[in-house]
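S.K.: How does the following fold in three dimensions:
(one chain, ligands or ions: 1)
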Amino acid sequence: MLKGTHLIDPMDYSIEELDEIFQLSNQIIANPEEFSNLCHGKILATLFYEPSTRTRLSFEAAMLRLGGQVIGFSEANSSSVSKGESVADTVRTVACYADIIAMRHPKEGAPKVASIYSSIPIINAGDGGHQHPTQTLTDLLTIKRIKGRLSNLKVGFCGDLKFGRTVHSLIKALSRYEDNKFILVSPDELRVPEYTRKDLVKSNSEFMECEKLEEVIGQLDILYMTRVQRERFFNEEDYIRLKDSYILDKNKINKGTSELVILHPLPRVNEISYEIDEDPRACYFKQAKYGMYVRMALIAKLLGLR
Ligand code: CP
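M.R.: I've put the predicted structure just below:
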């Protein structure tokens, strides 16, 4: 029963609870009209202290498509946060107006703090370089719908694996399923954090780290590309030096199998050439669409409406 719970970390829910969310997502995809009034009279608050296109707008579209309404802010400066209000006081106030909150914050752990003070469900919509659990739900639903399974997959992660919170969350989530293997492709300076490596060891997952995508792409079932996260770098010179470490183009993709699925949480900068978008293996815009459906299912579950 997910009613009234918070979603802060991708491990907050059991595999069975995740399955419930994916089943409901599939029902919504198959028959969206059946759900168009489910959240009538309910309000979602989107508290975004950091920029977003997909996460905020897909949450808002999700609530509107469920017949509910949306309030919130898309930058901290347009709220009383600019006057020094704490996360705790902001959520205690917003909980008086809304039924559920989606929060993105540049500080790691801020949504966790919010959940301690909130009387309504808090959904972590991305906290610093830490976790992004609803992107993980999106990624898992996409993989399940396209590949038909979440186990026995060889998954390559490529790019900024140090700061990419979607990477940390998805590795953690996929390592719970049987026989998944991970190939982590990054420059030495952008390798996964030690805590992610420890998670992999703890779950007995097979993994390897390397620098050259073209040497491993032919082995992969899934290739998860990521951008280099400019906003997390301490100096611009390092960002400029590393930003084009990987550019997925026709030459590279031709080394992948015909069954390869290419995902990217987006936004993309340079790491996937536009020429790849027409390739049937490029699934990142489909992935963005599934993000809205899985958020519809999550909202319905947390409000106890399904
Ligand atoms: N994938 C993702 O989190 O995108 P936004 O930053 O646009 O929300």
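S.K.: Spell out which parts of this structure neighbour the ligand.
M.R.: Counting by Cβ under 6 Å from any ligand atom, the chain comes close to the ligand at Ser52, Thr53, Arg54, Thr55, Gly126, His132, Gln135, Pro265, Leu266, Pro267. For every residue, glycine as well, the C-beta is placed using N, CA and C.
S.K.: ok, 5 Å please
M.R.: Ser52, Thr53, Arg54, Thr55, Pro265 (Cβ under 5 Å from any ligand atom).
S.K.: And the residues you listed, which of them are buried?
M.R.: When neighbours are counted using 16 or more other Cβ atoms under 10 Å, the residues of the chain next to the ligand contain these buried positions: Ser52, Arg54, Thr55, Pro265.
S.K.: Just put the residues of the chain next to the ligand in CSV and tack on secondary structure and pLDDT.
M.R.: Below are the residues of the chain next to the ligand laid out as CSV (DSSP: H, G, I helix; E, B strand; the rest coil; pLDDT from 0 to 100):
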residue, secondary structure, pLDDT
Ser52, coil, 96
Thr53, coil, 97
Arg54, helix, 97
Thr55, helix, 98
Pro265, coil, 97
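S.K.: what's the closest of the buried ones among the residues of the chain next to the ligand to Phe285?
M.R.: Arg54 (10.4 Å; Cβ to Cβ).
S.K.: Which residues are in contact with that closest one?
M.R.: Pro265, Leu266, Pro267, Ala288, Gly291 (Cβ atoms under 8 Å, 6 or more residues apart in numbering).
S.K.: the helices in the stretch 1-150 of the chain, which residues?
M.R.: In the stretch 1-150 of the chain, the helices defined using DSSP state H, counting those that start in this stretch lie at 15-30, 54-65, 87-94, 110-117, 133-147.
S.K.: Deepest-packed of these, please.
M.R.: Compared across the helices of the stretch 1-150 of the chain, helix 133-147 shows the largest average neighbour count, a mean of 23 (mean count of other Cβ atoms under 10 Å).
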